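Engineer: kindly generate the corresponding structure for this input.
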Amino acid sequence: MRDPWTVLGTIDAIAPKYRGSERRDDGTTRLAREVSIVIEKDPMYGPRHDAERHRVGVEYETILEEVLQSLDIPFESENDLRQRGTSRTPDILLSCPFAINVGTETDERWKPVCWIDSKALFGDVKTHKESVIPQAESYVHRFGPGLLLYWFGHAPLQLLDDAQGDIAICGWDLPDQILLPTGDFVNTSSS
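Structural biologist: Residues are numbered from 1 along each chain as shown. Model (predicted):
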């Protein structure tokens, strides 16, 4: 409930038999006041939490943009894409795809990356499956394979769907090395 005053603020919102105990001097109800306090104090699901989560998300998108700029990797930001009228927008659309190593030290496997979506959260299995993958699959259909960057880590990769191999997943930071189409490597850890 975003605005308890609208729904519960008048005495008409209270069943007639309880109205006498609910009326306050300012014309509102005790219930509206208490619900408003609960919404304000809720650390997980209230409007204040939503605004803070959005602020942190934007902060990490900015960090990603600054890192890519420092590496001289050309891209369009989410805002650039929206100005062009793109309806589904990853945080970063690379102007020229690169590849990242998703294998092990002994078994290198490079995946192409056309876009990056920054997630300022921990990539748990439920959130990944129910909200992140459907969003990311729409980017795969529009722009090709991409990268999900979970800034606060993620569940074990074998538990996370990778959209039939079209989505690479990494946590905490960009991978240490990026392979450019020219065959040159870019070390991200020095940025």
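Engineer: K129 versus the residue nearest the centre of the chain, what's the distance?
Structural biologist: Geometric centre of the chain, nearest residue: K119, 3.9 Å, by Cα atoms, centre = their mean. According to Cβ to Cβ, to the nearest Å, K119 and K129 sit 14 Å apart. Glycine gets a C-beta too; all of them are placed from N, C-alpha and C.
Engineer: list the contacts for the residue nearest to the centre of the chain?
Structural biologist: The neighbours of K119, taking Cβ atoms under 8 Å, 6 or more residues apart in numbering as the test, are 57, 132, 148-151.
Engineer: outside of the helix ranked longest in the chain, which residues touch it?
Structural biologist: The single longest helix within the chain, with elements called by DSSP state H, is helix 47-70. For helix 47-70, the surrounding residues in contact (Cβ under 8 Å, 6+ apart) are 2, 39-40, 42-43, 75, 77-78, 91-92, 116, 118-121, 149, 151, 174, 188, 191.
Engineer: in the protein, which segments are predicted with low confidence?
Structural biologist: 1-29, 104, 190-191 (pLDDT under 70).
Engineer: would you map the helices across it?
Structural biologist: Under DSSP H, the chain gives helices at 4-8, 19-22, 30-41, 47-70, 78-83, 125-127, 133-143.
Engineer: can you redo the ones you listed as a markdown table with distance to A168?
Structural biologist: Formatted as a markdown table, the helices of the chain follow (distance: least, Cβ to Cβ, whole Å):
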| stretch | distance to A168 |
| --- | --- |
| helix 4-8 | 44 |
| helix 19-22 | 56 |
| helix 30-41 | 39 |
| helix 47-70 | 15 |
| helix 78-83 | 19 |
| helix 125-127 | 17 |
| helix 133-143 | 10 |
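Engineer: among the ones you listed, which is nearest L157?
Structural biologist: Of all the helices of the chain, helix 125-127 sits nearest to L157, with 10.9 Å by Cβ to Cβ.
Engineer: and stretch 162-173, which residues are buried?
Structural biologist: 162-163, 166-171 (16 or more other Cβ atoms under 10 Å).
Engineer: which pair of these spans the longest distance?
Structural biologist: Comparing every pair within the buried residues of stretch 162-173 by Cβ to Cβ identifies D166 and G171 as the most remote, at 18.4 Å.
Engineer: in the sheet, who's paired with the residue nearest to the centre of the chain?
Structural biologist: Y150 (DSSP bridges).
Engineer: and it, how close does it get to D72?
Structural biologist: From K119 to D72 the distance is 24 Å (Cβ to Cβ).
Engineer: wait, V102 sits on W110?
Structural biologist: Yes: using Cβ atoms under 8 Å, V102 is in contact with W110, at 7.4 Å.
Engineer: the more surrounded of the two?
Structural biologist: Set V102 next to W110 and count neighbours by other Cβ atoms under 10 Å: V102 wins out with 19 against 15.
Engineer: check contacts around the more buried one.
Structural biologist: Going by Cβ under 8 Å, 6+ apart, V102 touches 109-111, 168.
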